[in-house]
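**Student:** Pasted the sequence and its predicted model underneath.
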Amino acid sequence: MRAPRLVIVVVSALVLVGALLLVQPASGAASATASGRITDASGTPLAGVTVAVWDTTRDGSPPYPAYRTTTGADGTYAVAVAPDRYFVCAGGIVGRAFRMDAGTRPGAITAADRRHVGECSGGSWVPADLDAWGTPFTVGAGATAGGQDLALDDPARISGTVRDTDGAPITGIAVLATDGPHVDNHTYDIAHTTTTDTDGRYVIEALAPGDPFCVAFNSPRDPAYSSRIWGGSDTHCDEMSPHPLSSRPGHVHPGVDATLRRLAAPVANVSTPYFVGTPKVGHTLEGRPGTWSPAAPAVTYAWFDGARSLGTGPTYVVRPAELGHPITVRATATSAGRSATTLAWTKADRVVSGTFWVAGSPTITGTPKVGRTLTARSRSSVPTGVRTYRWFRNGTAISGATRSTYRIVRADKGKRLAVRVHYAQPAYDSTSRTSARTPAIG
């Protein structure tokens, strides 16, 4: 049986995402120690660089960190680990082999990590062959595995200036550099962020020399300015178009500039749009614009049942399909020289069953005499509905008399007859209307 494998990795002080969860040796477990020294390329000790231990016992999966520490003033580190098998990495920002997202967690990168490029003991990330990370070492219970040393290069840097269309520098614009494709949907390997200073300038560090890169300006987007991708198309940085960095450690790639267009201020909402009317099947709801600044913008409406679009326009007639659901109106305000603003409002009450409207009571035609036939005439209704009939003799229902016509029998002689019409339709409360009584049957 192959022995389980662990890897020590020196990474930035980032919080690793997903399954990269830090753990500590189990209480009472026999401990061992891994130690070493981290320097720069010239041999100068590096203090404050983060060190982690990576668990590689999961065959066919990337290593997972198990322990972490930082280097001291003399560049040395020592970390208590469980007896097992390890690799060593250092820096953890973009190392040529060791990759991790460094841009989505602001403030997590230490200054010491940012000043140097991460590096592993050799090889690259190959999940199916973790030996490609380098030569592993094994440390036994109570033992110390020393000499796990690495030298880190200075990072490459990108610099530039961001201006508006009048040439004025823009302060506080977000700048993101990535070495992977598709900056727009954030599916990149490595990302680093900063913001422009009062002169519109920025410098992004911690990039691996020789790597390609793309830069996104104003991401996450400031609604006052447009956005731009430098390197690649206007919508993403694809794998064919990133710009290469110099392979010289410490090299600064200047002139990665951007010009952003100031966007029109949006229409400002003062009070939220809403609708009036009862959310009831068959009823009409009317949109109300709320108030805006500037006043009296053009307002358009769209209606929704949850995420399902129902229609557009200032009014909406509730349909049976909305029964039991909340109704939302979405109002979009536009005004000359301003960008549009859209707000939504949902009434807490859910749609209830509709009510029939009936033009009046039914009538009876025909001669009220034994042997003759009477006919019920129902009145119009909204909705039309399904209509059923019941005949009555002096207020008592006549057995089997459930059609719109009734043939008078001998038992009816001297009695007075009436008919009741029942209206029913799905999503509506049913209702009935009863006719006036006939004269006494002759």
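**Tutor:** Ah, there it is.
**Student:** I'd say residue 428 and residue 382 touch.
**Tutor:** No. With contact defined as CB atoms under 8 Å, residue 428 does not count as touching residue 382 (9.8 Å). (Each C-beta comes from the backbone N, C-alpha and C, glycine too.)
**Student:** overlap in contacts of the two?
**Tutor:** Residues touching both residue 428 and residue 382 (CB atoms under 8 Å, 6 or more residues apart in numbering): 282, 356.
**Student:** Domain ranges for this structure, per the record?
**Tutor:** Following automatic domain parsing, one gets these domains for the chain: 6-152, 156-260, 268-354, 357-434.
**Student:** Turn those domains into TSV, including mean neighbour count and distance to residue 440.
**Tutor:** Below are the domains of the chain laid out as TSV (neighbours: other CB atoms under 10 Å; distance: least, CB to CB, whole Å):
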stretch	mean neighbour count	distance to residue 440
domain 6-152	19	88
domain 156-260	18	82
domain 268-354	16	40
domain 357-434	15	5
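**Student:** closest to residue 441 out of those domains?
**Tutor:** Closest approach to residue 441 among these is made by domain 357-434 (4.5 Å; CB to CB).
**Student:** Quick one: distance of that closest one to the chain centre.
**Tutor:** 58 Å (CA atoms, centre = their mean, to the nearest Å).
**Student:** I'd like the numbering to begin with 531 instead of 1 from here.
**Tutor:** All set: I'll call the first residue 531, so the last point we hit is now domain 887-964.
**Student:** ends of it, how far apart?
**Tutor:** For domain 887-964, the first-to-last residue distance is 15 Å (CA to CA, to the nearest Å).
**Student:** Pull the contacting residues for residue 939.
**Tutor:** Here residue 939 is in contact with residue 900 (CB under 8 Å, 6+ apart).
**Student:** mind showing which ranges of the stretch 581-730 of the chain have poor pLDDT?
**Tutor:** 582-596, 622-665, 709-721 (pLDDT under 70).
**Student:** all helices for it, in order.
**Tutor:** Secondary structure of the stretch 581-730 of the chain (DSSP state H, counting those that start in this stretch): helices at 641-644.
**Student:** Okay, strands next: where are they in it?
**Tutor:** Along the stretch 581-730 of the chain, counting by DSSP state E, counting those that start in this stretch, strands occupy 594-600, 606-611, 614-616, 619-620, 649-650, 667-669, 674-675, 680-682, 686-694, 704-708, 721-725.
**Student:** Using a markdown table, please lay out the ones you listed together with distance to residue 803.
**Tutor:** Below are the strands of the stretch 581-730 of the chain laid out as a markdown table (distance: least, CB to CB, whole Å):
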| stretch | distance to residue 803 |
| --- | --- |
| strand 594-600 | 50 |
| strand 606-611 | 59 |
| strand 614-616 | 61 |
| strand 619-620 | 55 |
| strand 649-650 | 57 |
| strand 667-669 | 67 |
| strand 674-675 | 67 |
| strand 680-682 | 57 |
| strand 686-694 | 33 |
| strand 704-708 | 31 |
| strand 721-725 | 35 |
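**Student:** Appreciated, that's everything.
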